[in-house]
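Asker: Here is my input; please provide its structure:
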Amino acid sequence: MSLFDITTGLPAGHVAVSTTDPKGNITTKICEKAGHLYQVKDGSIVTATYTYYNKYIDKFIDSG
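Answerer: Below is the predicted model:
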């Protein structure tokens with residue numbers, strides 16, 4: 001099950017997607033205003049936080 005466009009409890013402009021796998025594990029991915037991945041949570045524990053120094057150059061380009 002997935003919940004999209006979560007904004008409750010997040011800084012202005014941030015949005016999250018929360019996914020629950022068949023075992024009941026919850027993963028939440030939070031994106032910042034520019035749409036870049038900001039933080040990943042395993043349940044309520046922050047497992048990764050990302051910082052972007054130049055949002056207009058540091059972009060992922062899919063060559064596939």
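
Asker: For beta bridges, what are the partners of the nearest residue to residue 5 once chain neighbours are set aside?
Answerer: Leaving out its chain neighbours, the residue that sits closest to residue 5 by C-beta to C-beta, 6 or more residues apart in numbering is residue 15, at 5.7 Å. (Glycine included, C-beta is placed from N, CA and C.) With DSSP bridges as the criterion, residue 15 is bridged to residue 31.

Asker: I figured residue 15 was touching residue 7, is that so?
Answerer: Yes - counting by C-beta atoms under 8 Å, residue 15 does reach residue 7; the two are 5.8 Å apart.

Asker: By mean pLDDT, flag the weakest helix or strand of the protein.
Answerer: One helix or strand of the chain scores below all others by mean pLDDT, DSSP states H and E: strand 45-49, with a mean of 87.

Asker: Can you spell out which helices and strands pack onto that strand?
Answerer: Here strand 45-49 touches strand 37-42, going by 3 or more C-beta pairs under 8 Å, 6 or more residues apart in numbering; DSSP states H and E.
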